[in-house]
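Enquirer: pasting a predicted model and its sequence here:
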Amino acid sequence: MTQPVTITEFLAQHLQCEHKLALAPMLLDVFSACKRIATVIEGGALAGNMGNLESENIQGEMQKALDMIANDIFIEINQQSGYIAGMASEEMDDIIQVAEKFRQNGDYLLLFDPLDGSSNVNVNISVGTIFSILKSSSKHPALADFLQQGSAQICAGYALYGTSTMLVFTTGNGVNGFTLEPHSGEFYLTHPDMQIAADTQEFAINMSNYRFWQEPIQRYIDECLLGADGEREKDFNMRWVASMVAEVHRILVRGGVFMYPMDSKLPAKGGKLRLMYEANPMSFIVEQAGGAASTGIERILDMMPTGLHQRVPVLMGSANEIERIVAYHQA
Ligand code: P6P
């Protein structure tokens with residue numbers, strides 16, 4: 001069996017073709033940070049990091065020790081590449097200025113959710129890290145420099161800390177997945193050119209919010225639940241892991257739709273998931289794999305951001321199903 005391609009070899013080949021070689025050292029730092037986070041997590045309860053802090057993040061969510069450990073790892077490792085002019089994190093209220101000495105090549109902005117789904121850590125369910133890379137128009141970026149449409153992303157990806165640790169990312173030329181070989185610490189290409197099937201019989205949504213949804217979502221889910229006895233004429237399966245990274249990864253591997261729609265509990269917030277470091281990077285990945293990503297009203301990657309921690313409704317996955325759900329919003 002031929003040795004699979006390492007992530008370093010892949011970057012050298014792949015980015016060469018795209019004239020984006022400058023991304024390689026920065027991405028290798030991102031991947032190192034994810035590997036370090038994976039190491040911290042795999043210790044589980046033995047590592048003594050499972051508790052809650054007294055603090056809340058700007059989202060009003062209790063911060064877990066691991067949220068801040070992952071956050072600090074991401075900042076510490078990634079600021080040193082020399083390519084990053086500024087960062088933004090789900091766990092930090094304001095943008096993160098990178099020290100002058102680390103800005104010699106400062107051309108990019110790195111936005112991230114350091115530990116998505118962290119409430120799952122205590123029950124040993126998969127969690128992940130989501131990252132998004134934008135071009136910076138300044139070596140001293142202000143908040144306005146971060147508020148770019150998702151279609152402006154240079155790169156987006158996630159690490160999935162599951163039964164194995166994986167990295168999946170796109171630089172705008174398809175989606176590829178890499179699996180960590182734990183003994184060598186090397187990531188190997190295991191999921192080349194990931195594609196989302198246009199049709200599916202599987203949906204992911206938190207059903208406990210049914211009574212708070214808008215009519216188009218209730219209509220879509222009602223039809224899925226009627227299955228072969230209703231107008232869809234086929235049965236559906238449901239999944240809900242409460243970890244967006246795990247849901248999106250499953251959809252990349254076997255199709256499906258993931259939905260966190262607007263609900264009447266959230267109107268002031270605008271939704272549950274954050275645009276800049278959850279919805280945008282995942283939408284870039286999903287579209288690059290042939291899927292679709294919408295709020296129900298507009299394409300997520302077309303949205304003009306109004307705030308660093310802005311929340312949006314999220315519908316993403318198999319293109320034909322997203323098309324149907326969007327059509328229900330227009331009916
Ligand atoms: P709920 C995790 O907190 C997260 O941001 C996503 O990863 C996940 O899909 C969603 O929230 C889960 O939300 O309301 O089901 O706990």
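Expert: Yep, it's here.
Enquirer: pull out the buried positions in stretch 263-271.
Expert: Neighbour-count burial for stretch 263-271, counted by 16 or more other C-beta atoms under 10 Å, picks out 263, 266, 270-271. Bear in mind the C-beta positions are built from the backbone N, C-alpha and C, glycine included.
Enquirer: tell me where the stretch 201-331 of the chain has strands.
Expert: Ranges of strands in the stretch 201-331 of the chain, per DSSP state E, counting those that start in this stretch, are 202-204, 237-239, 257-260, 273-274, 292-294, 311-312, 314-317.
Enquirer: ok, and of the buried residues of stretch 263-271, which contact the ligand?
Expert: On the criterion C-beta under 6 Å from any ligand atom, none of the entries of the buried residues of stretch 263-271 sits beside the ligand.
Enquirer: winner for burial among the strands of the stretch 201-331 of the chain?
Expert: When those are scored by mean count of other C-beta atoms under 10 Å, the highest mean neighbour count falls to strand 314-317 (a mean of 28).
Enquirer: residue in the stretch 151-300 of the chain nearest to the ligand?
Expert: Nearest residue of the stretch 151-300 of the chain to the ligand, counting by C-beta to the nearest ligand atom: M244, 3.4 Å away.
Enquirer: how close does the residue of the chain most remote from its centre get to M238?
Expert: Most distant from the centre of the chain: D229, at 35.2 Å, with distances by C-alpha atoms, centre = their mean. Distance from D229 to M238, counting by C-beta to C-beta, to the nearest Å: 16 Å.
Enquirer: can I get the strands of the stretch 201-331 of the chain in a markdown table with distance to the ligand?
Expert: What follows is these, written out as a markdown table (distance: least, C-beta to the nearest ligand atom, whole Å):
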| stretch | distance to the ligand |
| --- | --- |
| strand 202-204 | 8 |
| strand 237-239 | 11 |
| strand 257-260 | 6 |
| strand 273-274 | 6 |
| strand 292-294 | 14 |
| strand 311-312 | 10 |
| strand 314-317 | 9 |
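Enquirer: reformat those strands as TSV; add mean pLDDT.
Expert: Output for these, formatted as TSV (pLDDT from 0 to 100):
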stretch	mean pLDDT
strand 202-204	98
strand 237-239	98
strand 257-260	98
strand 273-274	96
strand 292-294	98
strand 311-312	96
strand 314-317	98
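Enquirer: CSV please, covering those and showing distance to T165.
Expert: As requested, those are arranged in CSV below (distance: least, C-beta to C-beta, whole Å):
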stretch, distance to T165
strand 202-204, 22
strand 237-239, 21
strand 257-260, 21
strand 273-274, 23
strand 292-294, 25
strand 311-312, 28
strand 314-317, 23
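Enquirer: for the stretch 51-200 of the chain, what lies in contact range of the ligand?
Expert: Within the stretch 51-200 of the chain, the positions near the ligand by C-beta under 6 Å from any ligand atom are 116-117, 119.
Enquirer: if we use 5 Å, what do you get?
Expert: The stretch 51-200 of the chain comes close to the ligand at residues 116-117, as judged by C-beta under 5 Å from any ligand atom.
Enquirer: could you check which residue of the stretch 51-200 of the chain lies nearest the ligand?
Expert: Distance from the ligand to each residue of the stretch 51-200 of the chain (C-beta to the nearest ligand atom) is smallest for G117, at 4.2 Å.
Enquirer: so what's that residue closest to, chain neighbours aside?
Expert: Once its chain neighbours are removed from consideration, G117 has its nearest residue in S243; the separation is 3.1 Å (C-beta to C-beta, 6 or more residues apart in numbering).
Enquirer: burial count for the one you found?
Expert: S243 has 22 neighbours, counted by other C-beta atoms under 10 Å.
Enquirer: quick one: low-confidence ranges for the stretch 1-150 of the chain?
Expert: Along the stretch 1-150 of the chain, segments meeting pLDDT under 70 span 1, 49-54, 56-57, 59-63.
Enquirer: all strands of it, in order?
Expert: For the stretch 1-150 of the chain, the strands defined by DSSP E, counting those that start in this stretch occupy 52-56, 62-64, 84-89, 96-97, 108-116, 127-135.
Enquirer: chain center to the shortest one, what's the gap?
Expert: To tie it back to what came earlier, the one meant is strand 96-97. Using C-alpha atoms, centre = their mean, to the nearest Å, the mean C-alpha position of strand 96-97 is found 21 Å from that of the whole chain.
Enquirer: re earlier: farthest pair within the buried residues of stretch 263-271?
Expert: The distance between the two most remote of these (C-beta to C-beta) is 11.1 Å, for D263 and G270.
Enquirer: please consider this matter closed, and thank you.
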